[in-house]
Structures are given as structure tokens and as C-alpha cells.
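Student: Just to be clear, the model below is a prediction. Sequence and coordinates:
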2 protein chains.
Amino acid sequence: MGVTIKDIAKAAGVSYSTVSKALLNSPLVKEPTKKKIIAIAKELNYQPNAAARRLASKKSNTIGVVWPTIERVTLSALITKINEQLEAASYTTLLSINPVETAVTIFNQFQVDAILVFDDNNKSEYTSSSSVPVVSYGLSDPNSPYPIIDVNRKQAIHLAVEYLYQQGHRKISYIGNVKGIDRLQEEKVDSFQKSVSDLGIDTFANAVISVDSLDQYDGYLAAKNILHSEHIPTAIICGSQDLARGIIRATQELNVSIPEDISIISYDNIPQREDLIIPLSTVGVPLDTISEHVAKTLIDVINKEEISNTITLEPELKITNSCRTIKE
Amino acid sequence: MGVTIKDIAKAAGVSYSTVSKALLNSPLVKEPTKKKIIAIAKELNYQPNAAARRLASKKSNTIGVVWPTIERVTLSALITKINEQLEAASYTTLLSINPVETAVTIFNQFQVDAILVFDDNNKSEYTSSSSVPVVSYGLSDPNSPYPIIDVNRKQAIHLAVEYLYQQGHRKISYIGNVKGIDRLQEEKVDSFQKSVSDLGIDTFANAVISVDSLDQYDGYLAAKNILHSEHIPTAIICGSQDLARGIIRATQELNVSIPEDISIISYDNIPQREDLIIPLSTVGVPLDTISEHVAKTLIDVINKEEISNTITLEPELKITNSCRTIKE
DNA sequence: TTCGAAAATAACTACGTTGTCAATTTTACT
DNA sequence: AGTAAAATTGACAACGTAGTTATTTTCGAA
């Protein structure tokens, strides 16, 4: 094992520095020589030694991602996208599932070019000891020493409420994770309540339904409860696509039609799965938008471009026929 | 940025090779000197340069894990455990979510000490080009050029069927993912059918129930179907803990008691979550066992110990009071 | 043909560390 | 005190590559 540029040099009858240049596609090497060297490299199944390369060039073309324990499922799609984007810019992505501090230390030792942190709880102490630039996806914080990419969840829910109001809805329910350890979920509920009260909509018994988690089953149960009660809303806004799926199942079982009897808008960033019977109206920032911004920020940070410290991405409302207008 | 051992050497008034040895805790350095050097290193916030270290020592103390697109949720707990085990043996784990071939190439360039592949579909072509040893967690294959750790799913289901039979059960249903793209699921169903027919149990209408996926909701639906029909089994074996949860919800709704009216055994490797009302009888290989074997195999491979090529882990049956005996 | 500049290639150092071996200091014993 | 042996420290060559500088080759013009 271990074919080095020296082996290639010997085989090609040139010096190893020429090989180095040829493999980096430097214009300092004549075209035919370059061709020959590259051919021999492939022939010998040459794998550049990343350690040596990094040592010599002080560049790793690698980005370290700190992968949190929780929320892995939700973020899985996002990470995949970001990975694609970075790969297109010829960066390699490596993940660590260690605690943030440990992971940051590891990535520093590996001299990655930048670190992406999915921030659970906005702790930025660890960054102080990182000489590698950090970018975070999490809750915005004007005092953060590193750039944060955030999503305007408040605005998202507000858009949904406003839209439904304009369509004539006056009894709107929100189904989501209320009792909040999770600040992201909390934000959404708060925004719902504020939007509703700002519009002067009367609250009613089923205005806000709390669920234990954001799974399909929770949505199913919550929707069933609502639909069995006396206070049936004309529209539901829910906190995740999975919840929405559960809600739809419940409506089907109880012969409640969407959107005739009830309209639904779901908050979500991930692309809609195909297997829904009713295409879902959603509000949120498209995954592609998020991943593009994250990837771009990382690359900017590496190239030391000027970047604004906190980027808050604005949501989009996508209405399908899971919503209808109520005539007055 | 960039404190090197030379900086420390200067500060400590010793040669840099002494610093190197001190930081590696070599017995060749006198204790007080060592202490002093380590203190200064900490003082200066020294971060060893992993690239240089690797280049010089040809060891990275790092293990690369190829993380497949699918099944991330299920494997998340396993990876976490393996990471812990390896950390205890002072190895660092890095993940890649790229396609197996790409990931293997990256890890080769990074000169990790070993690569762990979660094998989707038993393709071993990529290994040929890997000079770094590979270990796989997946379906066993006697011809594989690298060690594979597998779980004896057939035996697991067999154990469950046999146990229930011995307890007097004669109407046993299996709920799981039948229509098989997934060979792992397929194995379980096959084993169920074989075990049942070997014992001479009559098949009946609800003997095997196919679900779309292994989620809670699927279990809920399947169980409801069964319980509403005329062919109610005395025991259910199901393919995942999530399914079991759904099944339990269904029984509660329909006032069916566990284990009085129906016994349940779930296949699973992951540790049982606390939030179940009824502690679940399970059959499978405990997660700890799997992770220990995987970690040990990786380390053995690195140290070039002799290892058997394929390790099949045998399942354990854990019976709680979600099962009961049927008197004849 | 010969000279000179440009193009191509080769030589060499640096990167930060480890590990081997040589040099030095300390220790223990005569 | 002197000496050998042991303990400790230091010097230096790798490791594989990038990049800078030096050398050779090529080619056009005189």
C-alpha cells in the first residue's frame, strides 16, 4: 500500500515535483507530460495522502459537521443537501456525533477548513477555543461571535394564520409541541397566539392542542380528539409534516373532507413526500434555500469574505387544495 | 493560531523532541519535566496537528464510518454506542454520508485506521481499492474479503415462536414488513413461516400481516384490523418496537388486555424506551452486544489480530409480563 | 551557428510531528 | 574522586506533499 508521487515520478521518469504539479493540473507542466503522469497515477491507483497534503498546503478542503444527538431525523435531509452543495464546490464533508466541544476539538486537530454546528442550545463557549471558523444553524443571536443561519418560524406561522384569515377562516387550531423544552417549537406556538389575537379572532376550546412529539401518531390522536369534540375548527395549522399526515388519516377515518370540511396548513422545511393523498399546503423555508445559504456561508467564511453575522431566512407559503375559502 | 511543539519547547527550555515524548507520555522523559511541559502545553492551548502526527506516525487513531442514506434512524443508537466504545479505546470516529465508494476513497486519503461500513446491499467491490481495512455490519457472506458482523434474525424469530408454542399458544400472528425489498425484514418473515410450519401449527387468516413500514402507526392499523376480525390470535410477534407500540395503543383503545387476551413479543435490538405502559417482551441481540463486537472487531483488524471472517450474533429472548401461558 | 529569452523540468526546503540514535547528564559503585 | 552504567535529553532524519527557486531544454531571432 501507499503509492506516492515519488513512485509515479520514477515510473514516469520525471521529478516528483513535476508529478505534484501535474496532478494539481498546474499550467507549469507541458500538456503531454501531464497526460502521461495522470495516466500513470491512475494506473498505479494513486491516492493522494490527505495528511501530507494538508500539512504542506494548510488547506484540507474538508468541512466538519457537528451532528447533534437529538433531531437527527429531521436534520438528515438537510445534511444530505448541504453535503451535495459542498461537494459541488469540491469540499468534503465529515460528521462527528460527539458532544460539540469534543467534536470541535477533533475538527481543529484535523484542520478542517470550517466547522458547521447544529446548535441545540446556543452555547458558544466552545468556539473561543476553535481556530477554525465556525458556522451554526440554529437560533439567531446578534451577539454570536460566528455566523448563524436561522429560520423565521414566527413569520411562517404568521403567514399561515393571515392567509387563512383572509380566506374567511375564523376558527383556527394549532396542533404542535407546546410545553416547551424545545425553543423552536415554542416560537411557533407563541407566534400563532400573537397572530390570532392581533387579528382579533376569538379563541375557543380547541385553539391550541399540545402533542407530545411531532410524530404522525400524535397528529392522528390530536385530530381525533378535535373532531370528536364540539369545537371543530375550520382550519388547522400544524407544526410538522408528520403531524399533518396523522391529521389527514384521522379525517379520512371520520369521513371529514379536506378541504371541504376543514383546511390544513403544515409548517415544514423538508420537501413533501409523494405518498400523501392530499397535497399539503405548507409554510416554511424550502430545504434547498436553507442548504444553499449554509453552504454559501461556509465557503464565504473559508474565503474570508465579508458576511453578515446572522442570516434569518424568510418562509414561503405554498397553498394547494388542502385549503379552501369560506364564503361569508 | 498554530501553537506547535517547537513553541512549547522554547517556552520550556527543552528540545522539541523531548516535548513530543512528554506529550505522548513516554517513559523516556523524567516525571517533573513531563509535568512542566504538559502544563505549558495546556497554558498555550496547544492542539496537536493531526495531519503532521499522522504523517509521521502512520497512525490516525481514527475510524471512518460510512453512514448510509436509509435506516439512519434505526442505526443512530447503534452508531452512538459504537462511538462510545471506540472512544474508550481512544479512537475517534468520523462519519461520512457519501455513497460507499466515495466515502471509502475519502477515508483512504485521510488514512483512517479502519473503515466501518453499514452495508445496504452487500456490495464489496469498493473494498478492493481500499488499503485501509474494512469491517461491515450487514448480511453475512462467507466469501467476503473483510469481516462482517451479522445478527441471526432467523433464530430470533424462531426463539419467539418456539417460546410461545411452549406456553401453549397455537394462534400466532406476525406483523411486519413483508413485501420485501428489505432482505433483513424478509428473513424474519421467512423464519416465522418456517418455524410455525415446523411446529405443525395451523395457519389461519391473520397469520402474517404485512405493513408498509415499521412505524408505530402501521402497527396501530394492523392491530386494529386483526382485532376487529374474526381470527384473533392469542399471540403476536412483531418486527419492531415501534410496531409494538402501535399495537399496544390499539389494544388499549379496544379494551383488549395484554397479556390476558393477547401476548406480544417484539423483535428489536435497541434498548426499550421507558415510556411503555406494558414492559415489552423482546427478542434480538442487545445493542450493547452488537456495538461491543463491532468495536472489538475494528480494533482487532487494526492490530492485525486473527479474526473470523463473519460473526453472527445470537439473539436473546427477554420475557416480561407482556406474555402469558395458555392452559390447555 | 549562436545567443537569449521563455518554457519546462528538476532540486530543494518547509509543513509539524514521531522515532531512532547520539550526546549528555546523572547515578551508583569502587 | 573516578568510572561505568543508567537515565535523561537533544539532534536529526523521516513521513508525502506543495511551492519556491534553480537548472536545463527549447526555440526563435540575429
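Tutor: Happy to help now that I have it. The shown structure was predicted, so the numbers you read here are calculated from the model rather than taken from an experiment.
Student: can we go C-alpha only for contacts and neighbour counts from here?
Tutor: Fine.
Student: Over in chain A, which residue gets nearest DNA strand D? Let me know.
Tutor: Closest contact between chain A and DNA strand D, by Cα to the nearest atom of the strand, is at A:T4 (3.3 Å).
Student: so where is chain A shaky, pLDDT-wise?
Tutor: For chain A, applying pLDDT under 70 flags the ranges A:1, A:69-74, A:120-128, A:180-181, A:274-275, A:328.
Student: So which residues of the stretch 51-200 of chain A form helices?
Tutor: A:72-88, A:100-109, A:153-166, A:183-198 (DSSP state H, counting those that start in this stretch).
Student: Let's have the ones you listed in TSV, adding mean neighbour count and distance to B:E305.
Tutor: Formatted as TSV, the helices of the stretch 51-200 of chain A follow (neighbours: other Cα atoms under 10 Å in any protein chain shown; distance: least, Cα to Cα, whole Å):
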stretch	mean neighbour count	distance to B:E305
helix A:72-88	17	35
helix A:100-109	21	28
helix A:153-166	22	54
helix A:183-198	18	49
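Student: that older thread, surely the residue of chain A closest to DNA strand D is in contact with A:P48?
Tutor: Yes: judged on Cα atoms under 8 Å, A:T4 makes contact with A:P48 at a distance of 7.2 Å.
Student: Now for A:T18: which residues touch it?
Tutor: Contacts for A:T18 (Cα atoms under 8 Å, 6 or more residues apart in numbering or on different chains) come out as A:9, A:29.
Student: ok, and for the host helix or strand of it, which residues are buried?
Tutor: Per DSSP states H and E, A:T18 falls inside helix A:16-23. Neighbour counts over helix A:16-23 (16 or more other Cα atoms under 10 Å in any protein chain shown) mark A:16, A:18-20, A:22-23 as buried.
Student: next helix or strand past it?
Tutor: Next along the chain after helix A:16-23, taking DSSP H and E as the criterion, comes helix A:31-43.
Student: does DNA strand C sit close to that following helix?
Tutor: Yes: using Cα under 7 Å from any atom of the strand, helix A:31-43 reaches DNA strand C at A:31, A:33-34.
Student: Adding neighbour count and distance to DNA strand D, write those residues out as JSON lines.
Tutor: Shown next, in JSON lines, are these (neighbours: other Cα atoms under 10 Å in any protein chain shown; distance: Cα to the nearest atom of the strand, whole Å):
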{"residue": "A:E31", "neighbour count": "13", "distance to DNA strand D": "13"}
{"residue": "A:T33", "neighbour count": "15", "distance to DNA strand D": "12"}
{"residue": "A:K34", "neighbour count": "21", "distance to DNA strand D": "13"}
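Student: I'd like to know which residues of chain A are adjacent to DNA strand D.
Tutor: Counting by Cα under 7 Å from any atom of the strand, the residues of chain A that sit close to DNA strand D are A:2-6, A:17, A:20-21, A:23-24, A:47-50, A:52-53, A:55-57.
Student: Could you rerun that using 10 Å?
Tutor: Residues of chain A lying near DNA strand D by Cα under 10 Å from any atom of the strand: A:1-9, A:15-26, A:28, A:46-60.
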